[in-house]
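1. Next one to model:
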Amino acid sequence: MEVARDINILAQLDEFLEQDKERDILLRNLVKTIEEKKDQVQQLKYELDHERESRLRYQQQVRELQEEKKRLDDIIKKDPFVTVLIDGDGAIFRNEFLGNPAQGAQKAALALQQQIKSYLKKTQLDTESIPILVRIFVNLHGLAGKMRSLAIIESEKDLRIFAESFNKSRAEFDMVDVGSGKENADAKMRKMLTQSIKNFQCQKVIFAGCHDAGYMHDLNEYQGNQATKDRIVLLETTPAHPSFRAMGYELVQFDQVFRSDPLEMRLKETTSSPSSEAIRQEGISLANNGVSSSNSPQRESPVEVQNVASSGNGGYSINYSTTSAVTYATVGRANGQQNIYLFAKNAKAARPTVDRNAKGQRVDSALQSFRNNQVIGTYTRKLEAIKPQGFCNEFYLVGKCERDSLPLYPGTPDPLWKRALVR
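-> Model (predicted):
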């Protein structure tokens, strides 16, 4: 019995020892796990501290960027302005402004300002305080010549007077004479467009160049930037090229300021004037050696003058009927410059034509050279007598002169042949 009891006790002891061994292993595993978790917790703590520092650093950067943005916004909004760029070779003021150059320019500037402000009221801009800078680039000499040939202005200097008065009307309004050359105005328009777009204080660019398809290449550059595209507004005067409409830019018209048809579409109308009979009699006098009928001695019968027309520059074109006793020799003795046309009396009148150059621009017909040696000799002697002064070409070509510096020589040349000689 006792032996069996001892065996049972030993078995229980072995069992207790085995349990103690397992418990020791469990405790060791628990301690190891705790150590591992402790390291992980420490690593997470380091990462948390890093994230906290990063967040604080980013918050500081955000505050600095917000302050910088506010500063830049204040700069942009501090002095905003609107730029209006006008190609004056194609965008032409209405005739009522050009008739009286000095006062018309003032009215044109005021009308343009009102039209621009009327458009800006539809936008987010403050139309009462925002400056409007207007730049008109134009070849004054070329445009004046075309306007004078179409009887829009009386003299080429009228357009220069208009430009000077326009520049004086507003400090921010300028009409710039770019000189002759087609690309002069275009180059300035392109450069000013680029500079205006780069300047973020320029809220709007009103661009008047829809008459020239060459500007499409410049506008294409801003097609991909919607913010920039929204700042550009196309001002349509004459009908815009279809490609401009397809580009998607906003289009506006200032019909109260600019004419809607090209200058070539309005040719000068031929009308009879009160002095037409006087011009006719003057032409008959020219055809008869420059001697008027009231004091002329007996001579050949006057040639039949069918029509006498003024060229607009002081000369005359005289048409003679072929039924009259007229020859080139007879007409050649006339004391004046003439364009001679001989035609049958009952012949059908030739259809009037307008001469144009290779670019399609209207030009005057060529005049015959002046070959009256007697007249040239008389003029030369009188010119030598008053040297170093000279006769006023403007007086003889235009019929008036605002200067009084040139002499009115007692024996001044006859206006008719003096005009022909100067021309």
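2. Could you look up the SS state of residue 364?
-> Assigned state for residue 364: coil (three-state reduction, DSSP: H, G, I helix; E, B strand; the rest coil).
3. does it really touch residue 149, like I thought?
-> Yes: the criterion here is C-beta atoms under 8 Å, and residue 364 meets it with residue 149 at 7.4 Å. Yep, even glycine has a C-beta here, placed from its N, CA and C like the rest.
4. more crowded one of those two?
-> Set residue 364 next to residue 149 and count neighbours by other C-beta atoms under 10 Å: residue 149 wins out with 20 against 12.
5. Would you mind measuring from the nearest residue to that one once chain neighbours are set aside to residue 353?
-> Spatially, and ignoring its direct neighbours in sequence, residue 149 is nearest to residue 362 (5.9 Å; C-beta to C-beta, 6 or more residues apart in numbering). As judged by C-beta to C-beta, to the nearest Å, residue 362 and residue 353 stand 11 Å apart.
6. ditto for residue 174
-> With C-beta to C-beta as the criterion, residue 174 and residue 353 are 39 Å apart.
7. Show me which of the two is the more surrounded one.
-> residue 174 (14 against 7).
8. Secondary structure element holding the more buried one?
-> Per DSSP states H and E: residue 174 is located in strand 173-177.
9. can you check residue 11 too?
-> Going by DSSP H and E, residue 11 is part of helix 2-78.
10. so what strands line up beside the next helix or strand after that helix?
-> Later in the chain than helix 2-78, the nearest helix or strand by DSSP H and E is strand 81-87. Using DSSP bridges, strand 81-87 pairs in its sheet with strand 132-138 (parallel), strand 202-208 (parallel).
11. Quick one: name whatever helix or strand follows the first one.
-> If you walk from strand 132-138 toward the C-terminus, the next helix or strand you reach (DSSP H and E) is helix 140-149.
12. circling back to that earlier point, and of the strands paired with strand 81-87, who's closest to residue 38?
-> strand 202-208 (63.3 Å; C-beta to C-beta).
13. hmm, who's touching the helix or strand following the closest one?
-> Where DSSP H and E defines the elements, the next helix or strand beyond strand 202-208 is helix 216-220. If you take C-beta atoms under 8 Å, 6 or more residues apart in numbering as the criterion, helix 216-220 is touched by 190, 193, 194, 207, 232, 241, 243, 244, 247, 249.
14. Most neighbours among those residues, please name it.
-> The most crowded member of the contacts of helix 216-220, judged by other C-beta under 10 Å, is residue 207 (24 neighbours).
15. By mean pLDDT, which helix or strand of this protein comes out lowest?
-> helix 276-287 (a mean of 44; mean pLDDT, DSSP states H and E).
16. Quick check: residue 154 vs residue 10, distance?
-> 142 Å.
17. The two: which has the busier surroundings?
-> residue 154 (13 against 10).
18. Please name the nearest non-neighbouring residue to that one.
-> residue 148 (7.4 Å).
19. Correct me if wrong: that neighbour contacts residue 156.
-> Yes: between residue 148 and residue 156 a contact is recorded at 5.4 Å, counting by C-beta under 8 Å.
20. so the helix holding residue 11 versus strand 202-208, what angle?
-> 50 degrees (axes from the mean of the first three to the mean of the last three C-alpha atoms, to 10 degrees).
21. quick one: average confidence on helix 2-78?
-> For helix 2-78, mean pLDDT is 86.
22. now do stretch 196-208
-> 91.
23. neighbouring contacts of that stretch?
-> Under the contact criterion C-beta under 8 Å, 6+ apart, stretch 196-208 has outside partners 75-76, 78-87, 91, 116, 119-120, 123, 125, 130, 189, 193, 215, 219, 222, 228, 231-237, 252, 258.
24. what do you get if the cut-off is 7 Å, keeping everything else the same?
-> Here stretch 196-208 makes contact (C-beta atoms under 7 Å, 6 or more residues apart in numbering) with 76, 79-87, 91, 116, 125, 193, 222, 228, 231-235, 237.
25. Fine, thanks again, bye for now.
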